[in-house]
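K.L.:
Mind folding the following:
(2 chains)
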2 protein chains.
Amino acid sequence: MRRLAILGSTGSIGRQALDVVRAFPDLFQVVALAAGQNVELLASQVREFHPWFISHTAEEASPAVTKCPRLSLEEMACHMEIDLVVIAAAGGAGLVPTLAAVRAGKRVALANKESLVTAGDIIMAEARRTGAEIMPVDSEHSAIWQCLRGESQPSARLVLTASGGPFRKSSLDELDSVTPEQALRHPSWQMGRKVTIDSATLMNKGLEVIEAHWLFGMPFEDIRIIVHPQSIVHSMVEFADGSVKAQMSNPDMRFPIQYALCYPERLPNPSLPALDWSTIKELTFEAPNFDLFPCLKLAIEAGKRGGTYPAVLCAADEVAVELFLSRRIKFTDIFRLVEAILSEHRATTHPAIEEIIAADAWARERAAAIAAEGSLC
Amino acid sequence: MRRLAILGSTGSIGRQALDVVRAFPDLFQVVALAAGQNVELLASQVREFHPWFISHTAEEASPAVTKCPRLSLEEMACHMEIDLVVIAAAGGAGLVPTLAAVRAGKRVALANKESLVTAGDIIMAEARRTGAEIMPVDSEHSAIWQCLRGESQPSARLVLTASGGPFRKSSLDELDSVTPEQALRHPSWQMGRKVTIDSATLMNKGLEVIEAHWLFGMPFEDIRIIVHPQSIVHSMVEFADGSVKAQMSNPDMRFPIQYALCYPERLPNPSLPALDWSTIKELTFEAPNFDLFPCLKLAIEAGKRGGTYPAVLCAADEVAVELFLSRRIKFTDIFRLVEAILSEHRATTHPAIEEIIAADAWARERAAAIAAEGSLC
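P.N.:
Below you'll find the model as predicted:
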């Protein structure tokens, strides 16, 4: 039995992780569940999975929830009763528990991008020190991880695929008037709201480049992005000999979640939609449009500059996406706001974790302030 | 230094294997070269690579060739001075040396399809007994081998890709009047004449299904064929969890040859044409047309029936292709001739190697006789 903690159990990844657990009741025991405010869903998960510990941020909850001992995310991530920590918490909230799990030498199924984006060098160094295994859950990084399996040499190049989002064929003018409803309608993936908006701006792909840089020790110049609207090829690895491996599946996050949870085993799961080659007529590829999606370049540049820039990037983007979803800024303001804050930022090189957290807090404040001034319009 | 024997050094695969050797002069020593009648090219290879032993079937040869000690293919394949035997000999001639190399526990880079197609159970059983490593050189099987690398469980399904050959969009009527020149014009691969014609009839893909069956221990019903005209995806593996891996490269046989010769290392070779994703707009897939290419089904059926049927299939096809190339039968007669001989054949189940060789000889005789009668037209 693998004893799991799922941090972010009521979010999109958390719910799908529990779906995988349901498919293999003899393989997993859910020891801890952490949610945010959604205590109703948490209560139903507690009734179904009987965790020993829970975490949530709500002030009130039903008896099912309140009778279960509470831990902080950090305590949960390094608890001795837990083998495998699923970090499905969104945004900056993932950093501290990820680091705690890695420091405790746990196996970590990592769905939270921000922790590696903002503190990749610290987390990877800690993982090397403790032997913690970081298993990516993002479909792109899972694909690369699968393609690297059994290879004895580092890869020569990574090719991250991007669906291109819902506005791949839009004009700059059209992007100006995009509504949250339009941006939330992703053409191929069902995901949480934040990552869906980040996919529409392609900020998400920029964050993934930074994540891949840390996870696979790959220089930025050897990570390419290619737009692949069908979202069947999840990413590719080019090896030193010029051979390329690609990993494919239908776009369903339960594939990479299951791979991480069951690794190194590959188990049949009839509820996952297998690829049907009789229906796949073509896989298409095109270059990303950096002019239409300036967040992509902005993110990669922040990654290359390093220091506290990626933390500021993530925090500012988190605020900007929220502001867009609550209709307080335009879709195209997401870039403007994040860029403005990055250009204000005085970065620390080789920051300690506290400095990263401080940069995150500063960026959130500045983003809120700039938006309140209304100076973006 | 890996000490190589290249059996079939003047053929398409043999010449490309020597190209790979040229790229890594510190890695390989060419100890033995075997050719057929092309002693002129053999002489030039002898002058360049200074093998210790040679083999050829010509009656006369230049001093460069004649002064080099001669061995039979079988002696060469199991010679104690040789680590890695490249079986690039075409057709039925590959069987005996392949078996000799496997019995001697050598590493075998196998480009000859017929040996596994006709005697797969014997060869694989011997390889298990001696620990001989069989490394496929066919691009499809190399792709599968690469995708299986590091995987701890057997795959669930293999998907062999096929270019579809030059007549993918032809009608049955058009196929009737195909000339050797047309059939030799393969749209994506540069290969030897026999395999190019087999690719045009799709017999080649049928043989590859049988080869994959033996090499990877995969039931016939779990091997699928999909037509992929760009020949970029060389084959795919579907795992138990529904995840699919594909291996890709430009269609150049030096990729799989180098992979087999250098395995497990992947070495940079600037003379190989790397994939350029900025030029790849689409990868397309379609179902194979079994009506237009009846050889495909014929081969798979012979593989399923087993015994001496695959040996008869291969031998009859070898004769039929020769007859077509010398304009003595029509393109569509290749199927008719092979089918006629298979239907005449009284197969032996679990044949010994001598029975396989006898079935091969019988089929060649019958093919020549039927063709001489002119009863196909």
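K.L.:
A:A274 is in contact with B:E238, isn't it?
P.N.:
Yes: between A:A274 and B:E238 there is a contact at 7.3 Å, judged by Cβ atoms under 8 Å. (Each C-beta comes from the backbone N, C-alpha and C, glycine too.)
K.L.:
which one of these two has more residues nearby?
P.N.:
Shown here are A:A274 and B:E238; by other Cβ atoms under 10 Å in any protein chain shown, B:E238 has more neighbours (22 against 18).
K.L.:
So for the more buried one, what's the nearest residue that isn't a sequence neighbour?
P.N.:
B:R157 (4.1 Å; Cβ to Cβ, 6 or more residues apart in numbering or on different chains).
K.L.:
Buried residues of the longest helix along chain A, list them for me.
P.N.:
Ordering each helix of chain A by length in residues (DSSP state H) puts helix A:353-373 first. By neighbour count on 16 or more other Cβ atoms under 10 Å in any protein chain shown, the buried set for helix A:353-373 is A:E355, A:I356, A:I357, A:A359, A:D360, A:W362, A:A363, A:R364, A:R366, A:A367, A:I370, A:A371.
K.L.:
Show me what the residue nearest to A:S72 when sequence neighbours are not counted is bridged to.
P.N.:
Excluding its sequence neighbours, the residue lying closest to A:S72 (Cβ to Cβ, 6+ apart) is A:S55, at 6.5 Å. A:S55 has these beta-bridge partners by DSSP bridges: A:A34.
K.L.:
What pLDDT does the model give A:S55?
P.N.:
Per-residue confidence (pLDDT) for A:S55: 96.
K.L.:
show me what contacts the residue of the stretch 251-377 of chain A found nearest chain B?
P.N.:
Per Cβ to the nearest Cβ, the residue of the stretch 251-377 of chain A with the smallest distance to chain B is A:R266, at 4.0 Å. The contact partners of A:R266, taken as Cβ atoms under 8 Å, 6 or more residues apart in numbering or on different chains, are A:Y259, B:E151, B:Q153, B:F239, B:A240, B:D241, B:S243.
K.L.:
Just the buried residues of these.
P.N.:
If we count by 16+ other Cβ under 10 Å, the contacts of A:R266 have these buried: A:Y259, B:E151, B:F239, B:A240, B:D241, B:S243.
K.L.:
would you turn these into a markdown table with secondary structure and distance to A:G303?
P.N.:
What follows is these, written out as a markdown table (DSSP: H, G, I helix; E, B strand; the rest coil; distance: Cβ to Cβ, whole Å):
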| residue | secondary structure | distance to A:G303 |
| --- | --- | --- |
| A:Y259 | helix | 25 |
| B:E151 | coil | 32 |
| B:F239 | coil | 32 |
| B:A240 | coil | 36 |
| B:D241 | coil | 31 |
| B:S243 | coil | 28 |
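K.L.:
Could you export the longest helix of chain A as PDB, CA atoms only?
P.N.:
Written as PDB, here are the backbone C-alpha positions of helix A:353-373 (Å, rounded to 0.1, in the frame of the first residue of the first chain):
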ATOM      1  CA  ILE A 353      13.500  30.500   0.300                       C
ATOM      2  CA  GLU A 354      12.500  33.500   2.600                       C
ATOM      3  CA  GLU A 355      13.600  35.900  -0.100                       C
ATOM      4  CA  ILE A 356      11.500  34.100  -2.700                       C
ATOM      5  CA  ILE A 357       8.500  34.200  -0.400                       C
ATOM      6  CA  ALA A 358       9.100  37.900   0.200                       C
ATOM      7  CA  ALA A 359       9.400  38.600  -3.500                       C
ATOM      8  CA  ASP A 360       6.200  36.800  -4.000                       C
ATOM      9  CA  ALA A 361       4.400  38.900  -1.400                       C
ATOM     10  CA  TRP A 362       5.900  42.100  -2.800                       C
ATOM     11  CA  ALA A 363       4.700  41.200  -6.300                       C
ATOM     12  CA  ARG A 364       1.200  40.500  -5.100                       C
ATOM     13  CA  GLU A 365       1.000  43.800  -3.300                       C
ATOM     14  CA  ARG A 366       2.300  45.700  -6.300                       C
ATOM     15  CA  ALA A 367       0.000  44.000  -8.700                       C
ATOM     16  CA  ALA A 368      -3.000  44.800  -6.500                       C
ATOM     17  CA  ALA A 369      -1.900  48.400  -6.200                       C
ATOM     18  CA  ILE A 370      -1.200  48.900  -9.900                       C
ATOM     19  CA  ALA A 371      -4.600  47.400 -10.700                       C
ATOM     20  CA  ALA A 372      -6.300  49.600  -8.100                       C
ATOM     21  CA  GLU A 373      -4.700  52.700  -9.600                       C
END
